[in-house]
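Undergrad: Just a sequence and a predicted model for now, questions to come.
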Amino acid sequence: MPFALDVESISFSYPGSGPVADGFTLRLEDGEIGCLLGPSGCGKTTVLRCVAGLEAIDAGEIRLHGAVVSRPGMTQAPETRRVGVVFQDYALFPHLTVEGNVAFGLRGAAKASRAERVRELLAAIGLEAWATRYPHELSGGQKQRVALARALAPRPQLLLLDEPFSNLDVDLRERLSLEVRSILKAQGMTALLVTHDQHEAFAMADAVGVMRRGRVEQWDTAYNLYHRPATRFVADFVGEGVLVDSEVDGQPVSQLLRPDDVLHDDESPVKGEVLKKAFRGAEFLYTLRLDDGKQVLSLVPSHHNHAIGERIGVKLDVDHVVAFPRLSGSDD
Ligand SMILES: Nc1ncnc2c1ncn2[C@@H]1O[C@H](COP(=O)(O)OP(=O)(O)OP(=O)(O)O)[C@@H](O)[C@H]1O
């Protein structure tokens, strides 16, 4: 079986700039939800535009279910790729009702089957009662669900989502990511999401690619990106933590300590001075200075409320060591 999406070693530059995608590779199985996660400017949106057919690649190849849609000198038009796109700004048609918006991509289909598909999708997004409302009557989350239904209506072979929740507040973002994931899974849709928000990536995707300078640095499950980052960049970008100088097998290394590796324990002889504290609801995130001067982060249940300057006992609970060679000067 060919991959639903197979992006093989593509390169792309805007006129007059260096490469924005640089030997970029990514594969998605049928029904898989992938995510590109990375800092601003690393090339996420550009890769999505190449996959949609909005940019012509300079090298490599893009295939959808085995059919070549892009190679140097050949770019199949976006409208014939059967690729749906959802953007962050919803882009709903203000003069069309919810059902009018969802039906928009079904022009040309028979009336009865069009009505049936619209009904099915409004049920999937839980907005049947809103069919005859207009976009200005909807909340941000509802608008984004309508945009999703509109993109799904013509049954694309791939759905691209570009920062779809970034206009929504944080709580809604995570809830909607999970909701959208279950809608996509129910429809068996293959999807590629782009975001710089790791909570969104973790909530929605089966696998996440951390991007840096036009390439994927690690393609993995959320769990592995957090607990087994392959590079210093991934360790730094995903989750919180500090790198402390240490030795493994006699070699000088920087060891990654996540806040959940450092436990608060009153009995422990190792003490840390509270330098900073951030209330997270269920937990405090403490920044502690140990007696040897090293700083670590510690996640502590929030009923342990300690003042800045207080010394508290800590112990390490590291079930596997993640370490990188120590930096020598200018490399990063
Ligand atoms: N139309 C354009 N012409 C020239 N350069 C561009 C154009 N669009 C984007 N770029 C540049 O390409 C690089 C990658 O941009 P891109 O939008 O793909 O990044 P991104 O990872 O999606 O970032 P963000 O999270 O900020 O949206 C950036 O340096 C950007 O300035």
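TA: Now that the structure is in, tell me what you want to look at.

Undergrad: so how many other residues sit close to the closest residue to residue 157 other than its chain neighbours?
TA: Residue nearest to residue 157 in three dimensions, not counting chain neighbours: residue 82, with 4.7 Å by CB to CB, 6 or more residues apart in numbering. Bear in mind the C-beta positions are built from the backbone N, C-alpha and C, glycine included. The tally of other residues near residue 82 (other CB atoms under 10 Å) stands at 14.

Undergrad: do you know how far residue 82 is from residue 247?
TA: 55 Å (CB to CB, to the nearest Å).

Undergrad: Then residue 19?
TA: Distance of residue 19 to residue 247, computed by CB to CB: 38 Å.

Undergrad: how about the residue nearest to residue 157, what does it touch?
TA: Residues near residue 82 by CB atoms under 8 Å, 6 or more residues apart in numbering: 64, 154-158.

Undergrad: Kindly recompute the last result at 10 Å.
TA: Applying CB atoms under 10 Å, 6 or more residues apart in numbering to residue 82 gives the contacts 64-65, 69, 154-158.

Undergrad: ditto for residue 314
TA: So residue 314 contacts 262-266, 268, 270-272, 286, 288, 290, 296, 298, 300 (CB under 10 Å, 6+ apart).

Undergrad: Quick check, the residue in the stretch 201-332 of the chain closest to the ligand?
TA: residue 211 (6.9 Å; CB to the nearest ligand atom).

Undergrad: Skipping adjacent residues, who's closest to that residue in space?
TA: residue 38 (3.4 Å).

Undergrad: OK, contacts around the one you found?
TA: Neighbouring residues of residue 38 by CB under 10 Å, 6+ apart: 44, 47, 194-196, 201, 208-217, 233, 237.

Undergrad: now residue 93
TA: Residue 93 neighbours (CB under 10 Å, 6+ apart): 100-101, 104, 134-135, 150.

Undergrad: with those in mind, which one is nearest to residue 252?
TA: residue 150 (55.5 Å; CB to CB).
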